[in-house]
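J.: Quick one, fold the following:
(chains A, B, C and D)
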2 protein chains.
Amino acid sequence: MHVTLRDVCKRTGYSTATVSRVLNGSPLVTEATKKRVLAVVEELGYQPSHTARMLKLKRTDMLAVVFPPLDVGFFTEVLRGIDAATSEHNYHMMTAFSHGPEDERKLINRVIRERRADALILMNLTLPESYLRGLTRWGLPVTLIDRPVPRSKMASVSLDNRVGARAATQHLIEHGHKRIAFIRGPDGTYDADERLAAFRATMKEHALPVDERLIWSGRFTEPSGREAMSDWLDSGNSLPDAIFAGNDAMAIGALGVLRERGIDVPRDVALVGFDNVESARYLGLTTVNVPMRDLGAKAAQVAIDQVTRRQAGVTHRLPTELVVRNSCGGHRDPSLTSVAPAEERVP
Amino acid sequence: MHVTLRDVCKRTGYSTATVSRVLNGSPLVTEATKKRVLAVVEELGYQPSHTARMLKLKRTDMLAVVFPPLDVGFFTEVLRGIDAATSEHNYHMMTAFSHGPEDERKLINRVIRERRADALILMNLTLPESYLRGLTRWGLPVTLIDRPVPRSKMASVSLDNRVGARAATQHLIEHGHKRIAFIRGPDGTYDADERLAAFRATMKEHALPVDERLIWSGRFTEPSGREAMSDWLDSGNSLPDAIFAGNDAMAIGALGVLRERGIDVPRDVALVGFDNVESARYLGLTTVNVPMRDLGAKAAQVAIDQVTRRQAGVTHRLPTELVVRNSCGGHRDPSLTSVAPAEERVP
DNA sequence: GTGAAAGCGCTAACAA
DNA sequence: TTGTTAGCGCTTTCAC
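T.: Have a look, this model is predicted:
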């Protein structure tokens, strides 16, 4: 079971009042008692129950935010997916954006220790697998979006990166490209690794060599795509036949550099991305579609199942598929050059 | 004060157990008692406290979602802003997307009646002002994003639409455009009304007539922008000198139609939007910047102030400003035609 | 300075 | 079928 105020009392010999005072920084306690209590709190790993405080204090320390159904974007899509599934089951979602890895752990810890939620959904984090594995021991069901953790209680909803990356690579090869560069995502990221691995495998299948100098590193961000591209060009290297960017953001970054230097896509070099973000459509970027909303919906579904049906460790893998536009040459469908219509998203 | 289970007991004469049973749909109660209890529940407007149930049931019915700092999009930006402010004050946010107006009320009601949050932030809703005014009587502080409600306790963080729309119109006029079309947002929407009003005013200032047939209606969505544009062209009307779309989504919709028909922007017609969404950058769309993240941060700040400092009805108006790209002709800065770099967003 | 005890609003085991 | 009662884990008077 988990540690309560009473446990701290028993261990210290103090009353709930005193312990509570220490915890709330009341000036009415001796420095000595304070020390003693805090030590035990630390020792026991005690964390006040947010729920109980809420009941007592008649506060929630929570803001509810209601949004209308409009707009897009990767996270918005995932959020919508989660939202759809949660509301269907009368659950609610509490959202937090981490501002970096340190922050990430702090956020997760708070949710877990204060028992603010029944389950935790984590997305595309930079946290090491060892840390993630440690999370399960708190008894809070964890669902990972974008990364399965083998042989653990954690559920996951990830992508079939291999199929998509394979299709993209093959597409490039079929268009006659042989010398293909790959902009990879951050080291150790599941998606980044998978995509690169599939790229290598597919090249091999077609008996094409992979020039290691053509494996450029990036961070899944647009600027990192720019950097990779301009670094290559600045070093006086010759353009490859094609570039496969690990995600659309980096593809867009590279595209920016190419355009600035008067290099035409797809005439001078072919380009494919991954994700199928909204802007990819406007830019006519051939890419691999990622079912963002489904990713969210499935994750929520799985998370709720973990809570209500106590089923753990379910692993889902969602399909990805190539979306051919016109950044790889070949059939230049004129309707693709223009801004294609989007589906309506309003009630 | 607010109604509790005990109040229902007193009024009906039943015990807490019985009332609780009725509320939880237990089969162990007579149809008659059930009727009686439910009637009083209705009469008193009783709603169980989510917090109390949480404490008792050791559940929260809530999912926490942690996101890494990546990606953009209007809502994501606003969310990030809210998130930044909430986490700074040790608050948390619970997010919900409404799936239309009916849903909107249901969501809001739940948050209020179940006291799941200390404050409510509402964004750009389609709800009538009368309903919004009614919300304040529950005692839950409400902060509106995008629409001030005069003479009410509601706080608001909205945009200076007038300044932005004025600048955009002026920009168009300065480029020699006289016959300017305006694609308006949904009827009765604050932003839509303000932008149109400023457009009219600015035209008047410059002694330019506004052709009412050139005020096209839209719904702030891309497809509605497409419709407006193609309806006009299909009717055999001549192209105006310029088009001012009430937001970027509609501008992008219109742009799609124009491109498909071989009409060049800005050569054949100028175009400006409003919002400065990400894709506007890629498309070289001149638009009006909206400080999305600030909108969220300010709203959260205000909401928290309402809770902690009990200050009500604060009204903030955030500035908007013209972002000149190349969809209006004039100085065609080559760096604008290409994909401009974005700021890095990763830790 | 510290403790005993009374709740916050609800659910559920146990009695009646 | 309904009522009594004991908590859930915490904060906070009010005594000592």
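J.: Just want the most central residue of chain A.
T.: residue A:124 (2.5 Å; Cα atoms, centre = their mean).
J.: I'd like to know which elements the helix ranked longest in chain A is packed against.
T.: Criterion DSSP state H: the longest helix present in chain A is helix A:292-309. Applying 3 or more Cβ pairs under 8 Å, 6 or more residues apart in numbering or on different chains; DSSP states H and E, one finds that helix A:292-309 contacts helix A:74-88, strand A:119-123, strand A:142-145, strand A:155-159, strand A:315-318, strand B:62-67. From N, CA and C alone the C-beta is placed, and that goes for glycine too.
J.: Quick check: residues of chain A near DNA strand D?
T.: Within reach of DNA strand D by Cβ under 7 Å from any atom of the strand, chain A has these residues: A:2, A:4-6, A:16-17, A:20-21, A:23-24, A:46-49, A:51-53, A:55-57.
J.: Now the buried members of those residues.
T.: Buried members of the residues of chain A next to DNA strand D, counted by 16 or more other Cβ atoms under 10 Å in any protein chain shown: A:4-5, A:20-21, A:23, A:46-49, A:51, A:53, A:55.
J.: tell me the two of those residues that are most distant?
T.: For these, the maximum inter-member distance is 20.5 Å, found between A:21 and A:51 (Cβ to Cβ).
J.: show me the residues around the residue of the stretch 101-250 of chain A found nearest DNA strand D that make contact.
T.: Relative to DNA strand D, the nearest point of the stretch 101-250 of chain A is residue A:115 (8.4 Å; Cβ to the nearest atom of the strand). By Cβ atoms under 8 Å, 6 or more residues apart in numbering or on different chains, residue A:115 lies in contact with A:2, A:49-51, A:140, B:58, B:60.
J.: picking up where we left off before, check contacts around the nearest residue to the residue nearest to the centre of chain A once chain neighbours are set aside.
T.: Of all residues not flanking residue A:124 in the chain, residue A:146 sits nearest, at 4.4 Å (Cβ to Cβ, 6 or more residues apart in numbering or on different chains). The neighbours of residue A:146, taking Cβ under 8 Å, 6+ apart as the test, are A:123-124, A:156-159, A:190-191, A:295.
J.: can you check residue A:192 too?
T.: Contacts of residue A:192 by Cβ under 8 Å, 6+ apart are A:184-186, A:220, A:246.
J.: now, which of those residues lie close to chain B?
T.: Intersecting the contacts of residue A:192 with the surroundings of chain B, defined as Cβ under 8 Å from any Cβ of the partner chain, gives residue A:220.
J.: any idea which of the contacts of residue A:192 has the most stuff around it?
T.: The most crowded member of these, judged by other Cβ atoms under 10 Å in any protein chain shown, is residue A:246 (33 neighbours).
J.: okay, that residue: pLDDT?
T.: The per-residue pLDDT reported for residue A:246 equals 96.
J.: ok, it to residue A:183 distance?
T.: Look at residue A:246 and residue A:183: by Cβ to Cβ, to the nearest Å, they are 6 Å apart.
J.: Could you do residue A:15 as well?
T.: Taken as Cβ to Cβ, the span from residue A:15 to residue A:183 is 62 Å.
J.: Can you pick out the residue with more neighbours from the two?
T.: Comparing residue A:15 with residue A:183 by other Cβ under 10 Å, the one with more neighbours is residue A:183, at 32 against 11.
J.: Ramachandran coordinates for that one?
T.: With angles defined as degrees, to the nearest 10, residue A:183 sits at phi -100, psi 110.
J.: Which helix or which strand is home to residue A:102?
T.: helix A:101-113 (DSSP states H and E).
J.: Quickly note the distance from the nearest residue to residue A:114 once chain neighbours are set aside to residue A:57.
T.: Spatial nearest neighbour of residue A:114, excluding adjacent residues (Cβ to Cβ, 6+ apart): residue A:50 at 4.1 Å. From residue A:50 across to residue A:57, the span is 10 Å (Cβ to Cβ).
J.: Quick check: the residue of the stretch 201-347 of chain A found nearest DNA strand D vs residue A:120, distance?
T.: For the stretch 201-347 of chain A, the residue closest to DNA strand D is residue A:307, as judged by Cβ to the nearest atom of the strand, at 17.3 Å. Going from residue A:307 to residue A:120 by Cβ to Cβ gives 11 Å.
J.: Those two: which is more packed in?
T.: Under the neighbour definition other Cβ under 10 Å, residue A:307 and residue A:120 were set side by side, and residue A:120 has more, 25 against 20.
J.: Need the pLDDT of residue A:114.
T.: At residue A:114, pLDDT is 75.
J.: so who does residue A:164 touch?
T.: Counted by Cβ under 8 Å, 6+ apart, residue A:164 has contacts A:195, A:198, A:274, A:288-290, A:320-322.
J.: Phi, psi for it please.
T.: phi -60, psi -50.
J.: Can you check the pLDDT for residue A:336?
T.: So, for residue A:336, pLDDT stands at 33.
J.: Alright, I will stop here.
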